[in-house]
Structures are given as structure tokens and as C-alpha cells.
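Trainee: any chance you could fold what I've pasted below:
(2 chains)
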Number of protein chains: 2
Amino acid sequence: MFFNISRYLGRFKLVGCVVRNFLILLVGLVFSVNALANPNLGLPPLNIPADNPQTAEKIALGKRLFNDKHFSADGTISCASCHQEDKAFTDGLPVAVGINGQAGTRNTPTLINAAFFETLFLDGRASSLEAQVLGPMLNPIEHGLQDQQVIVDLIRQDRSYTEAFRKAFAIKVDEINISHVTKAIASFERTLISGDSLFDRHLFGRDHTALSSSAERGLTIFKNKGNCVTCHEISWNNALFTDNRFYNIGVGFKQLTPVLDKFIAFVRQGNNPDYFPLTAVQRSELGRFNVTKNLADIGKFKTPTLRNIALTAPYMHDGSMKTLEEVIDHYDIGGDQNRFIDSKIFPLHLTTQEKQDLVAFMQALTSSKSPNHPTGE
Amino acid sequence: MFFNISRYLGRFKLVGCVVRNFLILLVGLVFSVNALANPNLGLPPLNIPADNPQTAEKIALGKRLFNDKHFSADGTISCASCHQEDKAFTDGLPVAVGINGQAGTRNTPTLINAAFFETLFLDGRASSLEAQVLGPMLNPIEHGLQDQQVIVDLIRQDRSYTEAFRKAFAIKVDEINISHVTKAIASFERTLISGDSLFDRHLFGRDHTALSSSAERGLTIFKNKGNCVTCHEISWNNALFTDNRFYNIGVGFKQLTPVLDKFIAFVRQGNNPDYFPLTAVQRSELGRFNVTKNLADIGKFKTPTLRNIALTAPYMHDGSMKTLEEVIDHYDIGGDQNRFIDSKIFPLHLTTQEKQDLVAFMQALTSSKSPNHPTGE
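Mentor: Numbers count the residues shown, from 1 in each chain, chains lettered A, B, ... in the order given. Next up, the predicted model:
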């Protein structure tokens, strides 16, 4: 079409030439603006559940629920308390803090790109965003609500909420139930998508000026000597930086060491592991085991995404490391050894320069769409 | 108990001493014989389907069916034709050969420890041994049977078979159906289990004399510099040497290169990939894509186990490599590059000694129970 018009305009010689050049420039501009404006660059297609399509009304309602502190036992905690937008939807704390200032046992995971994960929570105990929502709401340390009916009751008593639910789901007040709440919040969470980091522009956008030389060397170390990509996956046409699997990487495990042999013997005898006396921290450190009850899963946690990692300190499932440098040092020495540690963790013998390059690479994983992006895009 | 008896016998001085030493020797022997006699050393517990429990009658029947050439269009092929016991249930050929001397497109995978795999076939298209059985039977190049009814008819006409089915399943002639056939063969396959290699005695049996120094160095390279363990997994209490996942490792992919761009465009337009013109070899090289129809899975094949690997040459899904040395060289150069190759494949820069050590390690993965074990155990 463009070429046909251009050929037609060519009849007008000089005028035609100017117009043709203008059109070529225009097409070039449209393409380059498109390249810059693709927030999904480097991300796979998003799967939306068939029974919960994205609508503007539902997303707006979900955002309101997400930010509302009324849905907590003492009126101080909303989802946004721990998932703060300016910290890539984390809270800057080692472990999450809920009602009455109570501290939990695990670091708040980012919600950025959670829409792509196969399972939610650090131990993967929920298999959809919808299924995840109620976990923190009903957790006695987090929102501390007695049961899910409290949430429905609070909503039914609030005229502006009932109006918003009517608009979002075409339902009357007495038809509102908990699944509408979880669907709305999940729909909002499904908008927290962000690719288009400098890394994405480099690898998927083929912009070879996007990464600094240090970051580019860091990418090579990430894929080769550092062995990072084994779990923090990069695919040929997208990168989630997680394989959605669970590993014992030698963090926090020493909490379990004093009771480990007795615990294993207890479980092997066919006893219910819930009846073995453990502290809250020890119970938490069982990790994936709490979901599968498989001894091989003791101390395993889900590979977290590394997108926006520069914004989500402190690090690790227990928030025990303040900086990316500390994290790299942990992997460099082959983790804190324990008999359950994954065989993929081993001493790396990285040089100081290689460690710096890895940090530079990780800093290039901050998405431009993120509100806290250093370049302010 | 032992110590009590010993203390009691101690009263008899010299006689007691002799008896005590004899008892100590006896206990030692019992323990070492036990260690030698555990064919499952290094393997996880086996899951038997609830609707197909293992029985001696069923296993014997399965073994007979497995070895019977009647179940092929020209009467020359049984399961055992390609899965030969003395080659760790492979056939020594680059690609499988079926009826009328026809060659297939893929290397025969071992059946050793297939009972532990999450999926069967190199592209994982079957999710149980029972579901796998009929694949080769009905494949026009392999057994070449028209349909599954042929198998049932052949069995119903054979008095000794109908008697064996009656014993195994407590059924009459006209009740025999194809699921009894697949259950019996799967039950036999589920007995082809073999751990207790020198590697297992070293790592899980804590016998530090089991591995040669070269093999022991090879294990370290396998876990660290060689990055092998990333896919060929070793867990803390067992080792299947597979993660049951699918990877493009840069083998055979060049078969697809000439048609790749057109094929991808065709699929992206929403067309049925089966309608795109491809040779049988090209179709085969699509690998996991044939199962998932996901473009990201083009050229991916399942991580094979490495147990008994010294007995299963030639190697790779297309049987294109004759020796373990060739396989190591392939990984050492970072595979045959293609745009779909997995980011876990990269140049390793192994020394000659390190390559030899890796081979020594892989030779230590031959299970003692295997009939072709070099030590003749």
C-alpha cells in the first residue's frame, strides 16, 4: 500500500520525492516508537483464565480492594502494605509485617509478572492468582481476618462497593461472594506486567547499545560460569528468570539442622508432620515440603524472578541478605552447605570483576515501565 | 541385642572371645552383603499405579508379550527387537529399525528405570508405561499393526495366552481387551529397575573406595564445570540423571534450518502445523513441539537418564554420536548453535584430562544388576 502510494506520488517529481521521504521517515518513526513502547518486550503471551476475563471495571475494583486497609483485623493492613508499588511491589523488609506489628517468617515476593508464574507463594502452595489472594487475608499474622465471610460482609455493607461489584460482575448485593473478590484482585494483579528492561532491548529487541559492557559480560557469566540461568531461565524468545521449580540453595536451612534427623525419623514412621514440635521459623523453613509432604522437598523454595531485582532488597526467602553483592557471594562459595542442598549449587570462584559484572547485569533487569525505574521512564 | 549376647558370652573367657569375634564378623558380613544386594541403591521409591498392581503372573505374561514377534505385521518384530536386554534394552543402532527393514527417525531409548520417568518417548508424548506400549505396536514403521484389535484377536485365538490372561487378570476369553495387554507389558517393564552402580555405592552407599580417582574427579566436573547435573539431575538421596524436562541441545536441528522461518510463519498465522510440508526426519526433529504445538518447544527432546550409558551407544535422539567422547566434545563446544538452543548449553573449555574423567564417571553409572555389567556381577 505504502509503495503504491509512493509510486503514484512519484509522478509529481520533486513534490513526490519530498512526500516519499516524509513517508519513509514516518514509517521509521512509527517502528522505533513501537519498539520503545512495548512494555511486554521479553515476556511470553499472558494466559487469562476463561472464567475471569480482564475488564476495566474489574481491574479498577481489584485495585481498590488491593489498597483497602478495612480488610484486616485491626484496620492497618492492605495488600499494598507489603506490596508497595515504589518497591516493585515488595516492602523493603526482611520479612513481612502484618497486624499489630507482628513479623512473619518470609520475605515478601514481588507481584511484578506474577501473572506468568505457574504457582504462587514461596513454597508454591497456590496455583493461581485467584487462589493466592485469600492466603494473606486469612493469615493470623498478616491481615488476620477470622474467615472469608468477614470480607463479603464488609463489602455488602458498603454502598460504593456494592455498586462497583454490580458494574464489574452484573450481580446484586446478595449475590456478591468471595470468588468475586478474589477474581477482581487477581485481575488487578494481572496488570502488573513489566518487560522492556535494558536486557530485553539487548536480547529480544536486538539493540546492541542497550547494555553496558559490564552488564553484557555479566549476561555471559549469568549463562555460563555463574550457572544462574539453570534456574533463572532465559528462553529463546522471552525470559521469566524463573523455571517455576523449587530448590534448596543453602539459605536458612541451619534453622532446621538441630531437629532434622528426629523430624525425618518421625515422618518416615508414618506420623503426620504437623504434629512434630517446631517453631514457626522452623516450620516455615521446611519450604516446599509443607506443600508436598515429600522429604526430598525439605528446605526448597521457588526460584524467584529476577526482574526488577535491584528494587526488591533485601533478598532470599528469609530476607537475610541486604545487597545483590551478598547474594552473589553466597552462590560464589557454593551456599551454606547442608545435606539437602541442590547439586546445582557449588563454588563458582568468581573474580571481583565478574561479581561486579553480574551486579551490572542484574541492574539491567529493571523494567522501564516500573515507576521506580532509575531512568524515570 | 548383639551386645547383650556378647557380654553374656564374655563370661566364658577364651571361648567367649572367639564367639564374640565370630559374631562381629557375621554382623559385618550381613551388612556388606546387604549393601551389595540392594539393586535399588540410588533410586527413589517406585510408584505403582493403583489399577495395575505388580503380580508374578502379570509380569511373566508381560515378558512373554514383550518378546513375541507375532505382534507385528510381518512377524519379525517384538518389543525386544529394539529393546535388547544385553544392550541395556537398546539396540546398538543409530535409529530404530522396524518391519521390512524400515528405519525410523529416532534412537531407541533404554527401558532401564523407565518406571521412574514422568513421561515416555523422546518427546514425552505418553505419560505412563501403559500409555506408551501401543505407540510402537501401531507405528507403521515399527510393529506396523493396523489397529489394536489385531492384538486382542491374536491373543484370543491362542489357548496358552488366554490361559495366561485368565491367571493374571481373572478374566474369560471374551473379556480380554487391549488394556490387559498394555497393563501386563507395563508391569514387566516396571521390573527393569537398576541402581547400585559404583557411583551409587560411592554417593549413597558411602563406600569411598567404589570410584576410581578419575571417576571421582569426573563427578565433580559433572556437577560443576561441566554443568551436566543441571538436566541430568542428582538428588540428595537418589539420582535419576534426568529432570524429566525437554531441551534443545543443538543436535539434529540443522535438518530444520532450511524450512524453519516458513514453518514458524505458517504456525503463527494460525494454521495446523500438520499441514506444513516436512520430511519424516524434519517432522521428527520438531521434537517436543509435536506434543505441545508450542513454538518454544521446537527441537526439544527429553533429558535421557545416564544410567547404564556405557551400554547404550550410539547416542543422542538421532543416534548421531558413536562414543561418549563425541558427546562430551559436542557439549564442550557449546553444541551446534541454533536460535532455539537452550541457554544452558555453552562452551565448557574442558581439558583432555577433564573429558577423560567425565567418561570414567559415566562408565561408573552402569548398574551391577545389568546383565552386561563389565564386572559380571
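Trainee: tell me the residues of the stretch 151-300 of chain A that contact chain B?
Mentor: Contacts of the stretch 151-300 of chain A with chain B, taken as Cβ under 8 Å from any Cβ of the partner chain, map to A:223-224, A:227, A:229-230, A:233-238, A:295-296. Every C-beta, even on glycine, is put in place using the N, C-alpha and C of the backbone.
Trainee: can you select the buried ones among these for me in PyMOL?
Mentor: A single PyMOL command suffices to select whichever of those are buried according to 16 or more other Cβ atoms under 10 Å in any protein chain shown:
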select buried, chain A and resi 223+224+227+229+230+233+234+236+238+295
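Trainee: take the residues of the stretch 151-300 of chain A next to chain B and keep only those in helices.
Mentor: residue A:223 (DSSP state H).
Trainee: want to try JSON lines for the residues of the stretch 151-300 of chain A next to chain B, with pLDDT as columns?
Mentor: Shown next, in JSON lines, are these (pLDDT from 0 to 100):
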{"residue": "A:223", "pLDDT": "96"}
{"residue": "A:224", "pLDDT": "95"}
{"residue": "A:227", "pLDDT": "95"}
{"residue": "A:229", "pLDDT": "97"}
{"residue": "A:230", "pLDDT": "95"}
{"residue": "A:233", "pLDDT": "97"}
{"residue": "A:234", "pLDDT": "96"}
{"residue": "A:235", "pLDDT": "93"}
{"residue": "A:236", "pLDDT": "90"}
{"residue": "A:237", "pLDDT": "91"}
{"residue": "A:238", "pLDDT": "95"}
{"residue": "A:295", "pLDDT": "93"}
{"residue": "A:296", "pLDDT": "92"}
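Trainee: now the two most distant members of the residues of the stretch 151-300 of chain A next to chain B.
Mentor: A:237 and A:295 (37.5 Å; Cβ to Cβ).
Trainee: next one: the helix or strand harbouring residue A:60 to chain centre, how far?
Mentor: Using DSSP states H and E, residue A:60 falls within helix A:56-66. Here helix A:56-66 is found 19 Å from its chain centre; the criterion is Cα atoms, centre = their mean, to the nearest Å.
Trainee: contact partners of that helix?
Mentor: Defining contact as Cβ atoms under 8 Å, 6 or more residues apart in numbering or on different chains, one finds that helix A:56-66 is touched by A:52, A:71, A:78-80, A:83, A:164-165, A:167-169, A:181, A:183-189, A:191.
Trainee: cool, stretch A:203-214 as well?
Mentor: Outside stretch A:203-214, the residues touching it (Cβ under 8 Å, 6+ apart) are A:35, A:41-42, A:198-199, A:201-202, A:219, A:234, A:237-239, A:356-357, A:360-361, A:364.
Trainee: test my guess that residue A:201 contacts residue A:41.
Mentor: Yes - the criterion here is Cβ atoms under 8 Å, and residue A:201 meets it with residue A:41 at 6.8 Å.
Trainee: rewinding a little: may I see the buried residues of the following helix or strand past the helix holding residue A:60?
Mentor: Counting by DSSP H and E, the element after helix A:56-66 in chain order, helix or strand, is helix A:79-82. By 16+ other Cβ under 10 Å, the buried positions in helix A:79-82 come out as A:79, A:80, A:81, A:82.
Trainee: burial of the closest residue to residue A:244 other than its chain neighbours, as a residue count?
Mentor: Of all residues not flanking residue A:244 in the chain, residue A:118 sits nearest, at 4.1 Å (Cβ to Cβ, 6 or more residues apart in numbering or on different chains). Other residues lying near residue A:118 total 13 when counted by other Cβ atoms under 10 Å in any protein chain shown.
Trainee: and residue A:118, how close does it get to residue A:250?
Mentor: 24 Å (Cβ to Cβ, to the nearest Å).
Trainee: with residue A:121 instead?
Mentor: 21 Å.
Trainee: and for the closest residue to chain B within the stretch 1-150 of chain A, the neighbour number?
Mentor: Proximity of the stretch 1-150 of chain A to chain B (Cβ to the nearest Cβ) peaks at residue A:44, 7.8 Å away. By the measure other Cβ under 10 Å, the count of residues near residue A:44 is 16.
Trainee: what of the one 3 residues further on?
Mentor: Residue A:47 has 9 neighbours, counted by other Cβ under 10 Å.
Trainee: domain assignment for chain A?
Mentor: A:2-36, A:56-189, A:195-377 (automatic domain parsing).
Trainee: returning to what we had before: helices - which of the contacts of stretch A:203-214 land there?
Mentor: A:35, A:198, A:199, A:201, A:202, A:219, A:356, A:357, A:360, A:361.
Trainee: who touches the closest residue to the last one other than its chain neighbours in this structure?
Mentor: Computed as Cβ to Cβ, 6+ apart, the closest residue to residue A:361 that is not its neighbour in sequence is residue A:218, at 2.8 Å. Contacts were defined as Cβ under 8 Å, 6+ apart; by that measure residue A:218 touches A:357, A:358, A:359, A:360, A:361, A:362, A:364.
Trainee: can you tell me which of these has the most neighbours?
Mentor: Neighbour counts for the contacts of residue A:218 peak at residue A:358, which has 29 neighbours (criterion: other Cβ under 10 Å).
Trainee: isn't that residue up against residue A:350?
Mentor: Yes - the pair residue A:358 / residue A:350 is scored as a contact, 7.4 Å apart, by Cβ under 8 Å.
Trainee: what touches both of those two?
Mentor: A:221, A:226, A:328.
Trainee: what about residue A:148, neighbour count?
Mentor: Neighbourhood size, residue A:148 [other Cβ under 10 Å]: 17.
Trainee: do residue A:268 as well
Mentor: 9.
Trainee: skipping adjacent residues, who's closest to it in space?
Mentor: Closest to residue A:268 by Cβ to Cβ, 6+ apart is residue A:295, at 7.5 Å.
Trainee: and residue A:231, by the same measure?
Mentor: residue A:303 is the one closest to residue A:231 (Cβ to Cβ, 6+ apart), at 4.3 Å.
Trainee: where does residue A:301 fall, secondary structure wise?
Mentor: Short version, using DSSP H and E: residue A:301 is in strand A:301-302.
Trainee: does chain B have contacts with that strand?
Mentor: No - Strand A:301-302 does not reach chain B (Cβ under 8 Å from any Cβ); its nearest approach is 15.4 Å.
Trainee: quick one: average confidence on that strand?
Mentor: Strand A:301-302 carries an average pLDDT of 98.
Trainee: who does that strand pair up with?
Mentor: Neighbouring strands of strand A:301-302 in its sheet, by DSSP bridges, are strand A:246-247 (antiparallel).
Trainee: and the contacts of the strand it pairs with?
Mentor: With Cβ under 8 Å, 6+ apart, strand A:246-247 has contacts from A:123-124, A:231, A:287-288, A:297, A:300-303, A:342, A:344-345.
Trainee: list the contacts for the residue in the stretch 51-200 of chain A that chain B sits nearest to?
Mentor: Closest contact between the stretch 51-200 of chain A and chain B, by Cβ to the nearest Cβ, is at residue A:199 (12.7 Å). With contact set as Cβ under 8 Å, 6+ apart, residue A:199 has these partners: A:42, A:210, A:211, A:215, A:219, A:239, A:361, A:364, A:365.
Trainee: same for the next helix-or-strand element following the strand holding residue A:301, what does it pack against?
Mentor: Next in sequence after strand A:301-302, counting helices and strands by DSSP H and E, comes helix A:324-332. Where contact means 3 or more Cβ pairs under 8 Å, 6 or more residues apart in numbering or on different chains; DSSP states H and E, helix A:324-332 is packed against helix A:352-363.
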